[in-house]
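Visitor: coordinates only, sequence not included:
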């Protein structure tokens, strides 16, 4: 578990260093996530049912779906295996993530970024 000071240091000096606009920040996040997330990992995805309502499914996350433009705002997309297909899922739809320490640390940093 990283402290807020450690998280802010990583954001300022590794992820968005020398960034001047949202596109450059999004690119910094993409490059960092692409380098530091380790796939596959398991998570619970809250999915919208065809007729309405939601359902929680245990899924395997197999990669990033968002590209260097996809980290603007407060969300990004990952690729999940579901029913024999690989489909995008928003990070905000995931919970109970079972991943290695580096991957969980990056999600902690992202969560801090979007909440501040």
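Guide: Cool, got the structure. What you see is a predicted model; the values in this text were computed from it and never measured.
Visitor: In stretch 98-109, which of the residues would be classed as buried?
Guide: 99, 103, 104, 105, 106, 107, 109 (16 or more other Cβ atoms under 10 Å). For glycine as for every other residue, the C-beta is placed from the backbone atoms N, C-alpha and C.
Visitor: ditto for stretch 61-77
Guide: 61, 64, 65, 66, 70, 71, 76, 77.
Visitor: Next: stretch 3-20.
Guide: 7, 10, 11, 15, 16.
Visitor: ok so, going back, identify the farthest-apart pair in the buried residues of stretch 61-77.
Guide: Distance extremes for the buried residues of stretch 61-77: the farthest pair is 61 and 71 at 16.4 Å, using Cβ to Cβ.
Visitor: Nearest to residue 82 among the buried residues of stretch 3-20?
Guide: For the buried residues of stretch 3-20, the nearest to residue 82 is residue 15 (29.5 Å; Cβ to Cβ).
Visitor: residue ranges of the helices in this structure, please?
Guide: 4-10, 22-36, 101-115 (DSSP state H).
Visitor: Take those helices and lay them out in JSON lines including mean pLDDT and distance to residue 87.
Guide: Formatted as JSON lines, the helices of the chain follow (pLDDT from 0 to 100; distance: least, Cβ to Cβ, whole Å):
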{"stretch": "helix 4-10", "mean pLDDT": "96", "distance to residue 87": "30"}
{"stretch": "helix 22-36", "mean pLDDT": "94", "distance to residue 87": "19"}
{"stretch": "helix 101-115", "mean pLDDT": "96", "distance to residue 87": "20"}
